[in-house]
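S.K.: only geometry, no sequence info:
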């Protein structure tokens, strides 16, 4: 068994960055789909509640059956849509963050070793800065968010 012990190159860096960018696009799309599924869940539940309230004077049996149907539809949407999509988004986001963490550490060393132009270096930094530094929804997640938070704290302290 042989291992590829060659040092990383600019081409390796670019390839890994493209993979991370594809993962980011997939994560963003997945988050959108989860949001749509949650909206649908909420609508189903609201329609069920409205139906139960409007049917209660007519027949308690119909109201209970309608409420149960709405609850089952809500749970089915969660189990069949929200949960699997959320798990996929989380998995892809973790993979993306792992790749980007390595690229953030590798970037300055690789740029210096290969003598990247200031334009290529700046472009690589800009591409990397679009990525979260942690899973989203858990505090400040992007370098630009960190910079904005620092600026806000600095100006409010002055």
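M.R.: Noted; the coordinates are in hand. As the structure is a computational prediction, the values presented were derived from the model and not from experiment.

S.K.: So for the most centrally placed residue in the chain, what's the pLDDT?
M.R.: Centroid-nearest residue in the chain, with C-alpha atoms, centre = their mean: residue 27, separated by 4.5 Å. pLDDT recorded at residue 27 is 93.

S.K.: again with the one 4 residues further on
M.R.: Looking at residue 31, its pLDDT is 92.

S.K.: Now do the helices in the chain.
M.R.: Listed in chain order, the helices of the chain (DSSP state H) span 10-55, 60-77, 83-114, 118-129, 143-157.

S.K.: List the buried residues for the third one?
M.R.: By 16 or more other C-beta atoms under 10 Å, the buried positions in helix 83-114 come out as 85-86, 89, 92-93, 96-97, 99-100, 103, 106-107, 110-111. In this view, the C-beta of every residue, glycine as well, is placed from N, C-alpha and C.

S.K.: so residue 116 sits right up against residue 124, yeah?
M.R.: Yes - the criterion here is C-beta atoms under 8 Å, and residue 116 meets it with residue 124 at 7.4 Å.

S.K.: Which pLDDT value goes with the residue of the chain positioned farthest from its centre?
M.R.: Within the chain, residue 58 marks the point farthest from the mean C-alpha position, 45.8 Å out by C-alpha atoms, centre = their mean. Here the pLDDT value assigned to residue 58 is 74.

S.K.: and if you look at the one 4 residues further on?
M.R.: On pLDDT, residue 62 comes in at 82.
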